[in-house]
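Enquirer: A structural model of the following input is requested.
(2 chains)
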Amino acid sequence: MIVRLRRVVILGLVNFWRNKWMSVAAVLIIMMTLIMMGTFVVLSFFANNVSKALKNKVTVQVDFTEAAEEGDIQNLQQALSSQAGVVASYISKEDALADFKSRADIKQSTRDLIDASNNPLPRGLRVRSVELDNLSKVETIVKQPTYQPIIYNFSYDDNKLLIERINNGTKFIKKTAAYLTVIFVVVAIFVTLNTIQMAIYARRDEIEVMRLVGASRAYVKIPFYVEGALYGVVAALMSFVIIYFGTKYFSGLSQSFLLSLDMDILKSIGGHFGTIMLSQLVAGLALGVVCSEISIRRYIRV
Amino acid sequence: MISDSGVIIQFIKVTKRYQNRITALDNVNLTIHKGEFVVLVGPSGAGKSTLIRLLVREEVPTEGKIMVAGRDITRVRERDLPYYRRNVGIVFQDFKLLPNKTVYENVAYALEVADESDEIIRDRVPRILRLVGLANRAKNYPNEISGGEQQRASIARAMVHNPKLLIADEPTGNLDDRNTAEVVDLLLRINETGTIVILATHDSGIVNALKKRVITFNTGKVVSDQPAKKSHSGGGES
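Expert: Coordinates of the predicted model:
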């Protein structure tokens, strides 16, 4: 049994080497498939991160009238914060002033108009939500009649359009990416199948001879599986290296114009490279072996 | 699987039709005995190759039985087929060597598939290569050696596992006279060891020189079956 296993594995390895050009073709095709899969994973990661970062930028602000009672403000803050994923942070007059003073986009002379003794800036709640959809709940709460007397300004309406755009945009990108991934992967699998089928077609006479010499089905097939597995492993390694350096390069490029979102793609994906590598290996192995099995089946009749 | 009994191969009312229209073999009855050397002759399409394909169970007959050593091979189960074939050596007109294996590996392959030990392979393959005169070609690939050498390699592969039956389908069809003589000589020597040899050929020169049993086919039927001429030495017919 062990002798037989050793022999078929060696046969597969030797065949991989001796049919170099076919092997190269199959490896390249599987590699393309894996790169496609991997790129979509990385891109959707990227899209997710960007949209998350953008969403974090979106804040809704509730400003209160001078007459508003602290107790009422706290009530509203609690009501908002009790929503899942919603954070409402209180901004005192002092915070608002500090904020204003630090704004570089306002002229110094204008900034000098206001100081601690003369501070017309209102108290407010700054509301953030991980899920943009939750912001509509925020709107319902804030627009309750009980709070109307204390509210001086609610900036949701100003941001509504932007929020909806981001929301629709990310949804669209995710959906499109998912569909495209499925389509590309299906096409890529067919191309892989075809390539391996051609490789095996070229050797159909060999398969017949092996059978006529008295080789069992398994003895004929397993070397082809080994070969297919080797295609997959080599392709996975190559595709991983390409994806890794591609991401690194892309990350460096994007850093410059995503700086304001303070995110580092490489860092955020970094922890997942192990998973990507592993899934590439599994996908490569599966592609190589399954395509070999499908292709060889029809030539092994006699 | 093939035991030593007097009658070893029997075709009983064997008919083979393709797509139910072309009749390649028509009600053939044949008996081949232990140690016989049988020459199959007849024009192309007469049924020689079909008979050989049936004998190696590449195909099954439309009707009839093929008994080998008392067993009907048309009923051998798919998974037992390799065991049957390991008792049969086959030599083809186009050699059918595995192109990506060296001469040595091609011959060794027939033993590997039968789970022979490494020691037996290391012992027997060089010996058989010396016997067919290919010791110095062991490391060459089939496309690096001549047609005659390729055919001798394929004979080495067919006989390395000591089959009880060796089938040669037009083995000299692609060879010149000198190589033809060498191949025929090898087949005779294999026959001398007690192996049944079935040789299909077009070459009337070979047929006349051999003086062995000659079965003539035409349009799927056996039209004549001449026994071996006594004068020829060698061979092993009873």
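Enquirer: mind checking which helix or strand the spatially most central residue of chain B is in?
Expert: For chain B, B:I167 is the residue whose C-alpha lies nearest the centre (CA atoms, centre = their mean; 0.8 Å). Secondary structure from DSSP states H and E places B:I167 in strand B:165-169.
Enquirer: For that strand, list the C-alpha coordinates in PDB.
Expert: Taking Å, rounded to 0.1, in the frame of the first residue of the first chain, the C-alpha atoms of strand B:165-169 are listed here in PDB:
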ATOM      1  CA  LEU B 165      -0.500 -14.900 -23.400                       C
ATOM      2  CA  LEU B 166       1.300 -12.400 -25.700                       C
ATOM      3  CA  ILE B 167      -0.700 -10.600 -28.400                       C
ATOM      4  CA  ALA B 168       1.100  -8.800 -31.200                       C
ATOM      5  CA  ASP B 169      -1.100  -6.700 -33.500                       C
END
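Enquirer: Identify the residue spatially nearest to B:D115, adjacent ones excluded.
Expert: Counting by CB to CB, 6 or more residues apart in numbering or on different chains, A:R4 is the residue found nearest to B:D115 once chain neighbours are left out, at 6.1 Å. For the C-beta atoms, the positions are set from N, CA and C on the backbone; glycine is no exception.
Enquirer: Next to chain A, which bits of chain B? Give me the list.
Expert: Applying CB under 8 Å from any CB of the partner chain, we find that chain B lies next to chain A at B:56, B:58, B:79, B:82-83, B:85-86, B:88, B:90, B:96-100, B:109-110, B:112-115, B:117-118, B:157, B:161.
Enquirer: and A:K52, how many neighbours?
Expert: With neighbours defined by other CB atoms under 10 Å in any protein chain shown, the count for A:K52 comes to 15.
Enquirer: can you check the one 10 residues further on too?
Expert: Residue neighbour count, defined by other CB under 10 Å, stands at 27 for A:V62.
Enquirer: how about it, phi and psi?
Expert: Backbone torsions of A:V62, given as degrees, to the nearest 10, read phi -110, psi 120.
Enquirer: Next up, the contacts around it.
Expert: Neighbour list for A:V62: A:76, A:124-125, A:127, A:142, A:151, A:153-155 [criterion: CB atoms under 8 Å, 6 or more residues apart in numbering or on different chains].
Enquirer: That one bridge partners, please.
Expert: Beta bridges link A:V62 to A:L125, A:F154, judged by DSSP bridges.
Enquirer: Distance check, B:T15 against A:S44.
Expert: As for B:T15, its distance to A:S44 is 64 Å (criterion: CB to CB, to the nearest Å).
Enquirer: thinking again about what came up before, closest one of the contacts of A:V62 to A:S295?
Expert: A:V127 (58.6 Å; CB to CB).
Enquirer: Checking my notes, the closest one in a strand, right?
Expert: Yes - counting by DSSP: H, G, I helix; E, B strand; the rest coil, A:V127 is located in a strand.
Enquirer: burial of it, as a residue count?
Expert: Neighbours of A:V127 using other CB under 10 Å come to 28.
Enquirer: Tell me the helix or strand right after the helix-or-strand element of chain B with minimal mean pLDDT.
Expert: One helix or strand of chain B scores below all others by mean pLDDT, DSSP states H and E: helix B:204-210, with a mean of 88. Next along the chain after helix B:204-210, taking DSSP H and E as the criterion, comes strand B:213-218.
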